[in-house]
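# can you look at this prediction? I've put the sequence above it.
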Amino acid sequence: MKYTFKEFSTGAIFNIGNSDILQPLKKAQQINLYTFIWANSNPVELVIDSVPITLPPNHILALTPIQYIQYIGGNDAILYQFNREFYCIKDHDHEVSCAGMLFFGNINIPIISLDEKEQQKYKALHEVFIDELETKDNIQAEMLRMLMGRFIIKSTRLLKAKEGIIETPKSSKVDLLRAFNVLVEQHFKEEHSVAFYAEKLFKSPKTLSNNFAKLNHSPLQIIHERIILETKRLLTYTDKSAKEIAYEVGFEDASHLSRLFKKHTSQSPSEFKKVLKSIA
């Protein structure tokens, strides 16, 4: 089962389907769409950016278009997928935008747990989605965007409750983390210094570091982790040389990337590639 909505004037795409959508992903590839995977009654086995993940029943996982996914097994899943043109071009509140907590505003892959009450709410919302996809009229696009907004709001609330996040109306550290992550996503291939991001956020590097103190991740760590993640992706999913990858992630000297990579993984990029080939 797969329902697809396309809006030719904007290039918007929105899909709802079941585990069949995952079948072409038996070989790891970028999904190129914002994606929610909802494990319904059975667990779903995935590899995300080379990390094995078992999504338990009644859990929802959120992925960005740049992530690599490999489908290992599991059925009875529900998927929601959309591109930037479908949802992100709208003027959404920062919390529920494509730069919000569910996507580039979270250090780890967000996984939302549904208790019995929430399961019923999400199932009811799913039925409304299907009904709307079967209704063809000139306000269908707006209705689908509104429903996706509601889905994202509900999921964001559950994730915040899970992580114990309490925010003031002006919010603070969480908003700063979100904004910083979005900037890193946009610029990590060219800009590696905390000072660059601090200036963009109208903060001093010291103030930025102090705000991150309780989050167990320094600003520099987040920049480096994003570089390492991209390096792993390129080593795993492309045939590019270590020198080519170093240049792609902003290092003129491949040895600089090699030292950073080894510090974080205990392996050089070439050693990492050799291990990949040995287990392929």
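Received, thanks. Residues are numbered from 1 along each chain as shown.
# okay, now the unreliable bits of the chain?
9, 89-96, 99, 104-108, 163-175, 214-216, 279-280 (pLDDT under 70).
# let's see 50
By pLDDT under 50, the low-scoring segments of the chain are 165-171.
# now the strands for it?
2-7, 12-17, 29-30, 34-39, 44-48, 51-55, 59-63, 68-73, 77-82, 111-113 (DSSP state E).
# buried ones in the first one?
For strand 2-7, the neighbour count (16 or more other CB atoms under 10 Å) marks Phe5 as buried. To be clear about C-beta, it is placed using only N, CA and C from the backbone, and glycine gets the same treatment.
# what packs against that strand?
strand 12-17, helix 84-87, helix 116-133, helix 140-163 (3 or more CB pairs under 8 Å, 6 or more residues apart in numbering; DSSP states H and E).
# quick one: strands adjacent to the first one?
Yep, that's strand 12-17 we're talking about. Partners of strand 12-17 in the sheet, by DSSP bridges, are strand 2-7 (antiparallel), strand 77-82 (antiparallel).
# what residues sit buried inside that strand?
Ala12, Ile13, Phe14, Asn15, Ile16, Gly17.
# between it and helix 116-133, how many degrees?
120 degrees (axes from the mean of the first three to the mean of the last three CA atoms, to 10 degrees).
# ok, residues contacting strand 12-17?
1-7, 21, 33, 78-83, 85-87, 126, 129-130, 133, 141, 144, 148 (CB atoms under 8 Å, 6 or more residues apart in numbering).
# run the chain-centre distance for that strand.
17 Å (CA atoms, centre = their mean, to the nearest Å).
# partner residues bridging Phe5?
With DSSP bridges as the rule, Phe5 is bridged to Phe14.
# so who does it touch?
Ala12, Ile13, Phe14, Asn15, Phe86, Leu133, Gln140, Ala141, Leu144.
# could you do Ser50 as well?
Taking CB under 8 Å, 6+ apart, we find Ser50 in contact with Ala28, Tyr68, Lys232, Arg233, Thr236.
# mind running it again at 7 Å?
Contact analysis of Ser50 by CB atoms under 7 Å, 6 or more residues apart in numbering lists Lys232, Thr236.
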